[in-house]
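# Provide a 3D model corresponding to the input given below.
(4 chains)
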Amino acid sequence: MKIQIIAFGIAKDIVGKKQMTLDFEGKSVGEVRTCLVNRFPEFEQLASLRFAVNTSYVDDSFELTENDEVVLIPPVSGG
Amino acid sequence: MKIQIIAFGIAKDIVGKKQMTLDFEGKSVGEVRTCLVNRFPEFEQLASLRFAVNTSYVDDSFELTENDEVVLIPPVSGG
Amino acid sequence: MKNIVITSEPLNSQLCINSVADNGSGGLVVFIGNVRNKTKGKEVKYLDFEAYEAMALKEMQKIAREAIERWHLYDMAIHHRVGRVGIGEAAVVIACSSAHRKESFKACEFAIDTLKKTVPIWKKEVFEDGEVWVSAHP
Amino acid sequence: MKNIVITSEPLNSQLCINSVADNGSGGLVVFIGNVRNKTKGKEVKYLDFEAYEAMALKEMQKIAREAIERWHLYDMAIHHRVGRVGIGEAAVVIACSSAHRKESFKACEFAIDTLKKTVPIWKKEVFEDGEVWVSAHP
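The predicted structure is shown next:
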């Protein structure tokens, strides 16, 4: 399935750009995570990596639809 | 013994003036308290009445010297 | 201590905040006590504060010194207004700064709690039909 | 919610405070997070904040709504700065007001603690010799 990835903070540095199309096996967010970690091993060194769809956090079991926008949320550090 | 009394807040309203000379029996702050309560029974209705000498709180056992300035501190309500 | 102030002029919370801001301090907590328009449902016209100034300044300094020591603050400032204070105006502003925010929260709350117990300042609520010294009676 | 703001302009803490002041509110607590000049003993030149703005605003609104409900606040305002923020400048200002001060202290501390965990904003520390995304690595 093809989805759009949008990356912030250090995630943007790791994938090398703000936005990219990801073609991955499966349909859940967990499978997106696996695909990303395989392609960019640096993700494994982060303290955490969360995902958001439609401006809400989603967990690994969340099922995606073709062309969904998935936002990568590395450890936040506001304030 | 004669001392100077300085009154703030409601204590000033009770004694009717900011400053007065008090001639009382004894030498301790506790005896000043007794004298004041006898003369101005309204003091007994206050939630508390503390005394200060030289800008410090003193307790009832504190011994005064002729012409000391004793400040009446009714319940504080700053802030 | 230039950070401990009693004044009959309107308080400037920004000034109080700036006096404890420091390039090394991450967390700054401020308490502002404003005059309320009502007390027990009754409309207040304004408050009138009286201070035994020499002793009040000394007690405020004691609070700041104890808070700075106990919570390792960079600094604390306490500004208290006296005289007539209108509805919505600040009667007291307390600001403190520390490397970590938890300490500033605790210190600021300690300071206002202690001020209300020990600092010889008295407020009178003035209503349309009379006036009352706050907390005087049990 | 006009009280929830993300901006690249310098924060004005007085504006944030005024937005929650209310004639009925006695106690107002403010937290100001300033940029520190050092991190682990190393000199910081400035910070650079990035936000996923649509979601960050939503998460900040959630925090304010929960705090208002839980501690019966009159109001809460959260202003966060993004972009380049210099040493000593405010990165975040949170202000809240309530009838009783204890509630405002608790609510303000809850808000900054939660913001640091849930709001998608990232800060990069910029040094003379490089830069680091804060908290990215364990």
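# switch to C-alpha atoms for all contacts and neighbour counts from now on
Fine.
# Report the central residue of chain A.
Computing the C-alpha centroid of chain A and ranking residues by Cα atoms, centre = their mean puts residue A:72 first, at 3.9 Å.
# For that one, which three-state class applies?
Counting by DSSP: H, G, I helix; E, B strand; the rest coil, the backbone at residue A:72 sits in strand.
# now the helices for the chain?
Defaulting to chain A. A:9-15, A:29-39 (DSSP state H).
# You answered for a different chain; I wanted chain C.
Using DSSP H, helices in chain C cover C:13-20, C:53-70, C:101-118.
# To chain A, which of these lies closest?
Taking Cα to the nearest Cα as the measure, the helices of chain C were each checked against chain A, and helix C:101-118 came out nearest at 11.0 Å.
# quick check: angle from that closest one to helix C:53-70?
Relative orientation of helix C:101-118 with respect to helix C:53-70: 150 degrees, computed using axes from the mean of the first three to the mean of the last three Cα atoms, to 10 degrees.
# What residues of helix C:101-118 count as buried?
Neighbour-count burial for helix C:101-118 flags C:101, C:103-109, C:111-112, C:115-116, C:118 (criterion: 16 or more other Cα atoms under 10 Å in any protein chain shown).
# Kindly report the same for stretch A:9-16.
Going by neighbour count (16+ other Cα under 10 Å), the buried part of stretch A:9-16 is A:9-12, A:15.
# which residues touch whichever residue of chain A sits closest to chain B?
For chain A, the residue closest to chain B is residue A:79, as judged by Cα to the nearest Cα, at 29.4 Å. Applying Cα atoms under 8 Å, 6 or more residues apart in numbering or on different chains to residue A:79 gives the contacts D:33, D:80, D:91-92, D:112, D:115-116.
# make it 7 Å
Residues in contact with residue A:79, defined by Cα atoms under 7 Å, 6 or more residues apart in numbering or on different chains, are D:33, D:91-92, D:115-116.
# now those residues in JSON lines, with distance to chain B and pLDDT?
Compiled in JSON lines, the contacts of residue A:79 are given as follows (distance: Cα to the nearest Cα, whole Å; pLDDT from 0 to 100):
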{"residue": "D:33", "distance to chain B": "25", "pLDDT": "96"}
{"residue": "D:91", "distance to chain B": "29", "pLDDT": "97"}
{"residue": "D:92", "distance to chain B": "27", "pLDDT": "98"}
{"residue": "D:115", "distance to chain B": "30", "pLDDT": "98"}
{"residue": "D:116", "distance to chain B": "31", "pLDDT": "97"}
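# how far out from the middle of the chain is stretch C:9-20?
Between the centre of stretch C:9-20 and the centre of its chain there are 11 Å (Cα atoms, centre = their mean, to the nearest Å).
# Name the residues of it that are buried.
Across stretch C:9-20, burial judged by 16+ other Cα under 10 Å covers C:10-11, C:13, C:16-17, C:19-20.
# so which of these also contact chain A?
Counting by Cα under 7 Å from any Cα of the partner chain, the subset of these that neighbours chain A is empty.
# And for residue A:60, nearest residue in space, chain neighbours not counted?
With Cα to Cα, 6 or more residues apart in numbering or on different chains as the criterion, residue A:60 has its nearest non-adjacent residue at 4.2 Å, and that residue is residue A:30.
# near chain D, which residues of chain C?
So chain C meets chain D at C:14, C:22-38, C:87-88 (Cα under 7 Å from any Cα).
# hang on, isn't residue C:104 packed against residue C:26?
No: applying Cα atoms under 7 Å, one finds residue C:104 not in contact with residue C:26, separated by 10.0 Å.
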